[in-house]
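>>> Build me a model:
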Amino acid sequence: MRPQWACRGSSCGVVCRDNTTALDNGRLTASLPFFLLNMDVVLILAVVAVMIVLLFDYTNGFNDAANIVATVIASHAMTPAQAVLIVGFFEFLGPLLGGTAVANTIGSFITLGDLEATVSLTIILCGLAGAIAWNLLTWWRGIPSSSSHALVGGLAGAVVVAVGADHVAWGFGELFQNGHFTGITKLLLALVLSPLAGFWAGFFLHRLMLFLLRGAKPTINRNLRRVQFLTAAGLAFSHGANDAQKSMGILTLVLLVGGFIHEFAVPFWVMLACATSITLGIMSGGWRIVRTLGFAIYKVRPLHALDSQLTSAGVIFAASLVGAPVSTTHVVATSIMGIGASERPKAVRWAKAEEISITWLITIPGAAMVAITCYFMVQMTMKLIG
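As a prediction, the model looks like this:
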């Protein structure tokens with residue numbers, strides 16, 4: 001008698017045989033080799049997915065979180081070793097103490113509950129692969145890009161090509177009918193407004209600080225550098241409370257679609273794992289992007305660094321409280337632009353800012369295309385070995 005696989009998803013009308021799982025719409029067919037029949041395939045995919053989520057969290061430390069130390073180092077407030085240790089400690093505390101509002105938002109913008117578990121986990125894996133590949137590419141080029149954009153683009157691209165656009169919570173209907181931002185509309189609103197908030201908050205804060213310190217002597221710079229130990233710690237905590245929660249949300253979604261938990265609630269071990277992963281990323285590198293943000297946009301001095309850290313910490317923490325995922329890279333970079341524009345607009349290196357902006361614009365479609373390519377490669381591979 002031939003072995004059978006019974007699909008659990010309500011949308012699947014096909015009983016799968018001969019080592020095959022399939023969706024009746026014909027858009028997804030995944031063949032499994034015979035030696036996997038006696039193994040728990042869902043468990044294997046879930047373990048791989050957990051590892052890749054943590055790898056994404058780690059690359060976030062390279063590509064995104066390291067931006068926190070850029071202004072601290074550029075203003076000579078700390079040595080690189082001091083900055084990494086202080087930022088790493090408070091970065092670790094952020095995911096543990098910052099709540100789960102952002103994780104809930106990230107975990108709900110794609111709907112995979114009606115799909116078979118292996119299908120859902122494969123889609124998540126391909127989406128993460130797209131985000132990680134984009135993170136590594138922009139890190140290698142030394143260009144700040146948004147890990148948040150990459151994650152949204154990678155997951156949305158994989159879901160659309162695999163099972164259709166109806167499995168993405170776009171939120172446009174809810175927006176037009178009730179005026180509420182949900183799903184993709186909430187994500188895009190946060191990702192668009194946060195850079196603007198960073199720019200203008202930095203602009204006006206720096207003007208205020210220049211007014212308050214108009215009669216200060218140059219020795220004030222020593223005190224400004226000391227205060228940065230506090231502001232950098234606050235920025236690191238805010239970043240951990242927002243960015244690490246994105247991985248927490250995806251990791252919890254993996255556990256939910258795999259049947260390991262019965263409701264979307266972030267376990268403590270997930271918080272701990274994501275906090276550890278992003279902290280290790282911050283302590284491992286990202287110096288190319290530190291140079292870009294600390295020196296290539298505007299010449300950062302102690303007051304500029306302090307204002308940038310206060311601005312970024314405030315914007316990111318406020319977003320975390322309302323469950324809005326934002327890009328630390330966006331906020332930090334635009335706060336430096338705003339501070340420079342408030343003081344000497346001609347001294348801002350707008351060409352570098354333009355290069356960064358173009359990278360931001362292409363991140364979502366770029367990560368989506370990488371995820372789609374990964375999905376088709378997985379399909380071709382499974383057909384060959386099936």
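>>> For the rest of this, base every contact and every neighbour count on C-alpha atoms.
Noted.
>>> Distance from the helix ranked longest in the chain to the middle of the chain?
Longest helix in the chain by number of residues, with DSSP state H as the criterion: helix 220-257. In terms of C-alpha atoms, centre = their mean, to the nearest Å, the centre of helix 220-257 is found 12 Å from the chain centre.
>>> continuing past that helix, what's the next helix or strand?
The helix or strand immediately downstream of helix 220-257 is helix 268-282, counting by DSSP states H and E.
>>> Can you list the helices and strands that that next one packs against?
Packing partners of helix 268-282 (3 or more C-alpha pairs under 8 Å, 6 or more residues apart in numbering; DSSP states H and E): helix 41-63, helix 80-97, helix 220-257.
>>> Looking at these, which one is packed in the most?
Highest mean neighbour count of the helices and strands packed on helix 268-282: helix 220-257, a mean of 24 (counted as mean count of other C-alpha atoms under 10 Å).
>>> Just want the angle from that one to helix 80-97.
On the basis of axes from the mean of the first three to the mean of the last three C-alpha atoms, to 10 degrees, helix 220-257 is oriented at 40 degrees to helix 80-97.
>>> what angle do helix 220-257 and helix 41-63 make?
Taking the same axes, to 10 degrees, one finds helix 220-257 and helix 41-63 inclined to each other by 170 degrees.
>>> Check the average confidence over helix 220-257, would you?
Average pLDDT, helix 220-257: 91.
>>> swap in stretch 311-325?
The average pLDDT within stretch 311-325 is 92.
>>> hmm, who's touching that stretch?
Stretch 311-325 has contacts (C-alpha atoms under 8 Å, 6 or more residues apart in numbering) with 98, 100-106, 148, 186-187, 190-191, 194, 197-198, 201-202, 205, 231, 234-236, 238-239, 241-243, 246, 326, 328, 331-332, 335.
>>> which sections of the stretch 1-150 of the chain are below the confidence cut-off?
Low-confidence segments of the stretch 1-150 of the chain, defined by pLDDT under 70: 1-39, 63-66, 142-144.
>>> Please repeat the previous calculation with a cut-off of 90.
Residues of the stretch 1-150 of the chain meeting the criterion pLDDT under 90: 1-45, 55-88, 91, 98-100, 104-119, 131-150.
>>> ranges for the helices of the chain?
Shown for the chain, the helices assigned by DSSP H span residues 41-63, 70-74, 80-97, 101-106, 117-141, 147-163, 172-178, 183-212, 220-257, 268-282, 287-291, 302-321, 328-343, 350-385.
>>> Quick check: which helices or strands does the second one pack against?
Yep, that's helix 70-74 we're talking about. Helix 70-74 packs on helix 80-97, helix 287-291, helix 302-321, going by 3+ C-alpha pairs under 8 Å, 6+ apart.
>>> Next: the last one.
Here helix 350-385 touches strand 29-31, helix 117-141, helix 147-163, going by 3+ C-alpha pairs under 8 Å, 6+ apart.
>>> and those as TSV, adding distance to Ser312 and mean neighbour count?
Putting the helices and strands packed on helix 350-385 into TSV (distance: least, C-alpha to C-alpha, whole Å; neighbours: other C-alpha atoms under 10 Å) gives the following:
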stretch	distance to Ser312	mean neighbour count
strand 29-31	44	19
helix 117-141	21	24
helix 147-163	16	27
